[in-house]
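[1] Whatever this is, show me its structure:
(chains A and B)
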Amino acid sequence: MADMMKTAASKIQEPSFQAYQRAFTQHIRDPKAHSRPPNVPAKRMAIYTEIVYNNIDSTLSACFPVAKSLLSAKKWQVLVRSFMADYRASTPFFREISQQFLQHLAAMETTKLKLPEFLPSLLHYEWVELALSVLDVAVADNAPQDVLLAPLILNPALYLLQYAYPVHQISVDFQPKKPAKMPTYLLVFRNANHQIQFIELNPITFQLASILQNASLTGEQVLQKLAAQNPQITPEVVLQFGAQTLAELAKKEVIFSTKKAQ
Amino acid sequence: MALLSNIQGVGLGLKRELIPQIQTLYGEEVIRNINFLEIAPENWINVGGKYKDQLDWFLARYPIICHGLCLSLGGLEPLNVAFIKQVKEFLRQHEIPLYTEHLSFCSDGGYLYDLLPIPFTEEAVHYVAQRIKQTQDILGQQIGIENASSYVAAPVSEMDELTFLKAVIEEADCLLHLDINNIYVNSVNFNYDPHLLLRGIPSERIVYAHVAGHYQESPNLLVDTHGENIIDPVWQLLEAAYKQFGVFPTLLERDLNIPPLTTLMAEVDKIASIQQKYSLNHG
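    Prediction:
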């Protein structure tokens, strides 16, 4: 209560330059809801409303090219404008604008917009590429000599993803109305050359990668766990399939050894 | 690379588009006049992958200055102290000697990611100067403040731009990051003589300068895009500044419609030749 009164008091005492600044930014955020500050020429003010909008729009457009291409210009504009008007971005880092946009959309009431049901999944999938390209972790290049005996770890610049829609196939020509029967499993990662790579996984490979995500184990231990999780498959098949898969994943720089090769 | 005295001659804003070109031409005669580079800390703090490799490559080869965008010295909420500490760590880690920011604001309780004008009032002088001092206290070093461009004159302003700029710098005891193009842009937008303003600049505070091109929206409205070539009146203003104050390090900003580096070098070289003309050694 004391805090609230303090806030109210400080609002009243806001100096004239700050009251002006606030009117200025409120108009930039939402020109329809807030008129520009008194005695400011419309043409001059429009420069600011345009550059601020265009800057945020171009940042989001660069991160979400597929999602943007599927929405009408009007709907995209409603989303960007809503982000500006109703969200208060808390990070000074430009690369984090897109993530904040996702947070805003998750909380936003969008029923009236009739957005595609897959949109949140698609946006997240598109964001992952940006997130991985700037993620501040070193990708080691310790290729395991023997995938069964070496202690393994997943590439630290990696997302193991599961979506209800085949987000990697969505385009103007393919816009599913309903979730697929099976989830889509994707592995997106940054290799040692800093390139972002995408692999679609089958359910059992997804399980294998999930086991490694939660613990550093030798290949043999991973496959034993995988076999235990899949009693319907004979252990020999799991081992044979698993060893091959581990070797392929190592080759693609999805998994590394925790130990330097001798 | 840690000394401010290493910042000499001509600099270039390090845009992503220019990175591979500078790397390819490094050591060659054609880019010999690039003596230092400027980066926005917001784009490089805690960034990994290929960007980290690029940063390391440039840090090993060029003196680098941090020129920030989101400190929001005139912002409506308290300064982002956590961010300033990240900047401090970044400067320390990479031995970057200087951090400069704009005399503007970019947040009202949330970031808007653009440079917005602070009204020129007495209260604003004290408010901004206090925030500059707070920043300098955290960093343990002086920062440079750039005179910002603007398109709207706040009706609540109580003084002219030069009076405001000088009062803030004096009260905060900070450095001046002089933007020559911004003086010109504002002189057209608000109808004053840019040379008159230049003469009043506290030259002893200048740490380095910016020059850039701008976009002419209409005869009396220029937009500070950094997307065109530098026009003659801005060159003349730079020359006048060297003539009055002596030569200072000067950096070319080019953020839009970026031509090939070899083309851009014509402007870098021109800065170098004007500097040579007014350099005391060649007096």
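
[2] rest of the way, CA atoms for contacts and neighbours
    Noted.

[3] List the contacts of the residue lying closest to B:Glu161 once chain neighbours are set aside.
    Nearest non-adjacent residue to B:Glu161, counting by C-alpha to C-alpha, 6 or more residues apart in numbering or on different chains: B:Phe120, 6.7 Å away. Taking C-alpha atoms under 8 Å, 6 or more residues apart in numbering or on different chains, we find B:Phe120 in contact with A:17, B:154, B:156-161, B:164.

[4] Let me know the closest of those residues to A:Leu70.
    Taking C-alpha to C-alpha as the measure, A:Leu70 lies nearest B:Ala154 of these, at 41.0 Å.

[5] Hmm, A:Pro41 and that closest one touching each other?
    No - between B:Ala154 and A:Pro41 there is no contact under C-alpha atoms under 8 Å: 10.2 Å.

[6] Please say which of the two ends up with more neighbours.
    Neighbour count, other C-alpha atoms under 10 Å in any protein chain shown: between B:Ala154 and A:Pro41, B:Ala154 has more, with 20 against 13.

[7] Who are the contact partners of that one?
    So B:Ala154 contacts A:20, A:40, B:118-120 (C-alpha under 8 Å, 6+ apart).

[8] Just the buried residues out of those, in PyMOL syntax.
    Filtering the contacts of B:Ala154 down to the buried ones (16 or more other C-alpha atoms under 10 Å in any protein chain shown) takes a single PyMOL command:
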select buried, (chain A and resi 20) or (chain B and resi 118+119+120)
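
[9] A:Pro92: which of the contacts of B:Ala154 is nearest?
    B:Ile118 (18.7 Å).

[10] which secondary structure element contains the closest one?
    Here B:Ile118 is covered by no helix or strand, with elements defined by DSSP states H and E.

[11] for B:Phe90, same thing?
    Counting by DSSP H and E, B:Phe90 is part of helix B:81-94.

[12] Report all helices and strands that that helix contacts.
    helix B:122-139 (3 or more C-alpha pairs under 8 Å, 6 or more residues apart in numbering or on different chains; DSSP states H and E).

[13] does any part of the helix it packs on sit near chain A?
    Yes - remark: helix B:122-139 sits within contact range of chain A at B:123-124, by C-alpha under 8 Å from any C-alpha of the partner chain.

[14] So which other helices or strands are in contact with that helix?
    Applying 3+ C-alpha pairs under 8 Å, 6+ apart, we find helix B:122-139 packed against helix B:81-94, helix B:161-172.

[15] what do you get if the cut-off is 10 Å, keeping everything else the same?
    Counting contacts by 3 or more C-alpha pairs under 10 Å, 6 or more residues apart in numbering or on different chains; DSSP states H and E, helix B:122-139 is packed against helix A:16-29, helix B:81-94, strand B:99-102, strand B:144-146, helix B:161-172.

[16] wait, which of the ones you listed is closest to A:Ser133?
    A:Ser133 lies closest to helix B:81-94 among the helices and strands packed on helix B:122-139, at 19.8 Å (C-alpha to C-alpha).

[17] what ranges do the strands span in the stretch 151-262 of chain A?
    Secondary structure of the stretch 151-262 of chain A (DSSP state E, counting those that start in this stretch): strands located at A:151-154, A:158-163, A:184-190, A:196-201, A:217-218, A:255-257.

[18] May I have the first one exported as CSV, CA atoms only?
    Think strand A:151-154. Once non-C-alpha atoms are left out, strand A:151-154 reads as follows in CSV (Å, rounded to 0.1, in the frame of the first residue of the first chain):
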residue,chain,number,x,y,z
PRO,A,151,31.8,-41.1,-22.4
LEU,A,152,29.4,-39.1,-24.6
ILE,A,153,27.7,-35.7,-24.3
LEU,A,154,25.3,-33.9,-26.6
